[in-house]
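# have a look at this fold, sequence not included:
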Ligand SMILES: Nc1ncnc2c1ncn2[C@@H]1O[C@H](COP(=O)(O)OP(=O)(O)OP(=O)(O)O)[C@@H](O)[C@H]1O
Ligand SMILES: Nc1ncnc2c1ncn2[C@@H]1O[C@H](COP(=O)(O)OP(=O)(O)O)[C@@H](O)[C@H]1O
Ligand code: SF4
Ligand code: SF4
Ligand SMILES: [Mg+2]
Ligand SMILES: [Mg+2]
């Protein structure tokens, strides 16, 4: 999949919100790309735009191309797009409670897409649903098909969501903060599961998270977002070893380290992320950036290639301590 | 750490059970054992971290420490006085000294009140200060939490999550408390804002000599802020130790699993790390397992664990563990 210059805005009563501001990225077969950034940075809107999962209006995709298997997803007819959603591309939403329908049995919700996309019969779909629940590690799968979502724990609901997303053997799985609402031990279970499934099924995964710890353990590549822009993109090792954007560096620095001396203060980033009401003509991180200089106020830096696929959108070279 | 040696709060076998009622006669058919026999001390000036998975009873324990819940059983000394037995009038006189900061700063600030009146509310209730004195005090509190004095006449919805948390902290400080229960004070905040609030909490602790019970599921943050840490599972403390001992040499199988589940923000370390992945979910506190609470998920459980409940015992100086096999 190849995404070029994706822009999404929301038309609200208070004016236009520029949620996604010209994002380009690619996803190769079988790899795992993490998207990190704090809340409101545009992670979910970016991924939901790809499949037009946003309410339109208020949302509007102003530009962009999403090339998938030689087709532009943004140009597809609604019927064709429906085939892709839940077919070749599986989606796990941020909140499993709102995305599982509480009035339908879990079995029904897994079997529906199987019947719709793969044309399976009731019996075949049931068999496959049991396999899927077993695959995601739900004990007594056959009996649990008749349960309702509220009869499952948070971690199990998330497993069911994964099972639904995997139902039609997707080539791409997009997981929006799949573990954020879960406890660490359950998060560890889900991460373990996703690692196993990846080996077994070989699909590509986009993993949205705000947790740099989680991203470190599972990703091949990482994309850091801020205010609707990609500000840094690198292979996972490069990003942690050699973060180039001041925001990435600051985020890594705010994490508490193993140092035991509680007297030390954490490094913090002052200020707040910007409101997205105007399309920025300056670097959106400038008000919070310790390196900001005059150019940052005049021009918003584009994503620039630094070699070996490491890209950064910043006018300041933090390694040399000088402007680029 | 020898600097904290005076005991401020001492809990002994504290239990909080919530009755479950069923049927038209609302007959009690059982109870949720949210907190089921906690014993520990909190020392003056220290931060005791309280960690555990959701539903394990952390918030209930925190609220019980302030007697916001009636105890089902147990004794709770605050500076040597058992506050579990105080009558409402006596309780009112100790209330100002114990405060709470909540997870969701949105939910606990009345949207129709100005920032000034939110912070002054406890002053109205518990002091006889004049209006002018209160106004001064509120301004001082805004200074203390790093907010602009001009915000007194604004409303909570005009502020970000981190700022609302500061307002909540200012309010908790209004009556010069000694003891503050911080219930997941940063869980609802973004990573870049969490550090700001944690630094603020540490600053005011030093300045005002506060004692904290810091409840969190974020083990790395607790490691940063706490002096000692208690780990809860299903209503009970399974391990309690100096921070260093707990993180370096955890003795309880649950503590070990919990720590191993926390991802490290370094891909090279993560690639080599062995994770202990626990099977299954936390059992319901309405129906905890027999014997050791953790026996349904414990990777090393033996027969004895299913029949006999392990006592919290002092394994080495200051490190308490509730496990038959720990040594
Ligand atoms: N339905 C909507 N109407 C108006 N604005 C919206 C809507 N949905 C999202 N936005 C705005 O778009 C921006 C990006 O939102 P998005 O949900 O993608 O962020 P995120 O990175 O996923 O954050 P979180 O971690 O909180 O989910 C935010 O400024 C948000 O307020
Ligand atoms: N008022 C109440 N009535 C009944 N059960 C409750 C009540 N408050 C909490 N519980 C139950 O007690 C247990 C512990 O809750 P809580 O202390 O809020 O957990 P935590 O803060 O660790 O997430 C949970 O199972 C919860 O559902
Ligand atoms: S462009 Fe300037 S303000 Fe923006 S991150 Fe780089 S140095 Fe900071
Ligand atoms: S007492 Fe038994 S079940 Fe409980 S933690 Fe120890 S070994 Fe595990
Ligand atoms: Mg989101
Ligand atoms: Mg809680």
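Everything's here; your move. Since we're looking at a predicted model, the values are computed, not measured. Ligands and ions are numbered 1, 2, ... in the order given.

# who are the contact partners of residue A:122?
Contacts were defined as CB atoms under 8 Å, 6 or more residues apart in numbering or on different chains; by that measure residue A:122 touches A:111, A:115. Quick note: C-beta positions are derived from backbone N, CA and C, even for glycine.

# need phi/psi at the residue in the stretch 101-250 of chain B positioned nearest to ligand 4.
Closest residue of the stretch 101-250 of chain B to ligand 4, CB to the nearest ligand atom: residue B:238 (7.1 Å). Note on residue B:238: backbone dihedrals following degrees, to the nearest 10 are phi -100, psi -30.

# please name the residues that touch residue B:10.
B:40-42, B:75-77.

# any idea how far ligand 2 is from it?
Computed as CB to the nearest ligand atom, to the nearest Å, the residue B:10 to ligand 2 distance reads 20 Å.

# contacting residues around the closest residue to residue B:154 other than its chain neighbours?
Among residues not flanking residue B:154 along the chain, residue B:115 sits closest, at 5.5 Å (CB to CB, 6 or more residues apart in numbering or on different chains). With contact set as CB under 8 Å, 6+ apart, residue B:115 has these partners: B:142, B:151-156, B:159, B:167.

# highest neighbour count among those?
Greatest neighbour count in the contacts of residue B:115, by other CB atoms under 10 Å in any protein chain shown, goes to residue B:167: 23 neighbours.

# list the contacts of whichever strand or helix holds that residue.
Taking DSSP states H and E as the definition, residue B:167 sits inside helix B:161-173. Here helix B:161-173 makes contact (CB under 8 Å, 6+ apart) with A:272, B:99-102, B:105-106, B:108-109, B:115, B:118-119, B:121-122, B:138, B:141-142, B:144-147, B:156, B:159, B:180, B:185-186, B:188-190, B:193, B:196-197, B:200-201, B:204, B:208.

# drop anything exposed from the contacts of residue B:10.
The neighbour count (16 or more other CB atoms under 10 Å in any protein chain shown) marks B:40-42, B:76-77 as buried among the contacts of residue B:10.

# and which of the contacts of residue B:10 is nearest ligand 3?
The nearest member of the contacts of residue B:10 to ligand 3, counting by CB to the nearest ligand atom, is residue B:42 at 43.1 Å.

# so the closest one sits right up against residue B:61, yeah?
No - counting by CB atoms under 8 Å, residue B:42 stays clear of residue B:61, with 11.4 Å between them.

# show me where the chain has strands.
Let's take chain A. Assigned by DSSP state E, the strands in chain A fall at A:2-12, A:15-26, A:32-36, A:59-68, A:71-72, A:89-92, A:172-176, A:204-209, A:221-226, A:229-235, A:304-305, A:311-312, A:316-317, A:322-323.

# hmm, no, I was thinking of chain B.
B:7-22, B:27-43, B:47-51, B:73-78, B:81-82, B:98-101, B:179-183, B:211-215, B:228-233, B:236-242, B:313-316, B:319-321.

# which one of those lies nearest to residue B:284?
strand B:27-43 (8.0 Å; CB to CB).

# check the burial of residue 68 by counting its neighbours.
Assuming you mean chain A. 19.

# my question was about chain B, not that one.
Residue B:68: 14 neighbours (other CB under 10 Å).

# contacting residues for it?
Contacts of residue B:68 (CB under 8 Å, 6+ apart): residue B:100.

# partners of the closest residue to residue A:310 other than its chain neighbours in the sheet?
Spatial nearest neighbour of residue A:310, excluding adjacent residues (CB to CB, 6+ apart): residue A:234 at 4.3 Å. Under DSSP bridges, the beta-bridge partners of residue A:234 are residue A:222.

# would you agree residue A:234 is in contact with residue A:307?
No - at 10.3 Å, residue A:234 does not count as touching residue A:307 under the criterion of CB under 8 Å.

# do you know the pLDDT at residue 240?
By default, I'm working from chain A. Here the pLDDT value assigned to residue A:240 is 94.

# ah, no, chain B please
97.

# show me the beta-bridge partners of it.
Applying DSSP bridges, one finds that residue B:240 bridges with residue B:230, residue B:320.

# okay, now residue A:265: neighbour count?
By the criterion of other CB under 10 Å, residue A:265 has 13 neighbours.

# next one: the one 5 residues further on
Here the count is done by other CB under 10 Å, and residue A:270 has 11 residues near it.

# ok, which residues in chain B are in contact with ligand 3?
Within chain B, no position lies close to ligand 3 (CB under 6 Å from any ligand atom).

# get me the contact residues on chain B for ligand 4.
Close to ligand 4, as judged by CB under 6 Å from any ligand atom, chain B has residues B:253, B:292, B:294-295, B:298, B:300-301, B:305, B:310, B:323-325.

# who's more crowded, residue A:234 and residue A:307?
Counted by other CB under 10 Å, residue A:234 and residue A:307 do not tie: residue A:234 has more neighbours, with 24 against 7.

# show me what contacts the more buried one?
Listed by CB under 8 Å, 6+ apart, the contact partners of residue A:234 are A:221-222, A:242, A:244, A:309-311.

# for those residues, which one is nearest ligand 4?
residue A:222 (37.0 Å).

# the closest one contacts residue A:33, correct?
Yes - contact status for residue A:222 versus residue A:33: in contact at 7.4 Å, counting by CB under 8 Å.

# give me the more crowded residue out of the two.
Neighbour count, other CB under 10 Å: between residue A:222 and residue A:33, residue A:222 has more, with 27 against 24.

# how close does the more buried one sit to residue A:110?
31 Å (CB to CB, to the nearest Å).

# try residue B:76
Distance, residue B:76 to residue A:110, using CB to CB: 49 Å.

# kindly report the same for residue B:67.
From residue B:67 to residue A:110 the distance is 47 Å (CB to CB).

# same thing with residue A:59?
With CB to CB as the criterion, residue A:59 and residue A:110 are 28 Å apart.

# cool, residue B:19 as well?
Taking CB to CB, one finds residue B:19 at 37 Å from residue A:110.

# repeat for residue A:22
37 Å.

# of these two, who's got more company?
residue A:110 (22 against 19).

# contacts only, for the more buried one.
A:129, A:132-133, A:145, A:160, A:163-164, A:167.

# let me have those residues in a markdown table, extended by neighbour count.
Listed next are the contacts of residue A:110 as a markdown table, based on neighbours: other CB atoms under 10 Å in any protein chain shown:
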| residue | neighbour count |
| --- | --- |
| A:129 | 26 |
| A:132 | 22 |
| A:133 | 23 |
| A:145 | 19 |
| A:160 | 24 |
| A:163 | 23 |
| A:164 | 25 |
| A:167 | 25 |
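
# with that, I have no additional questions.
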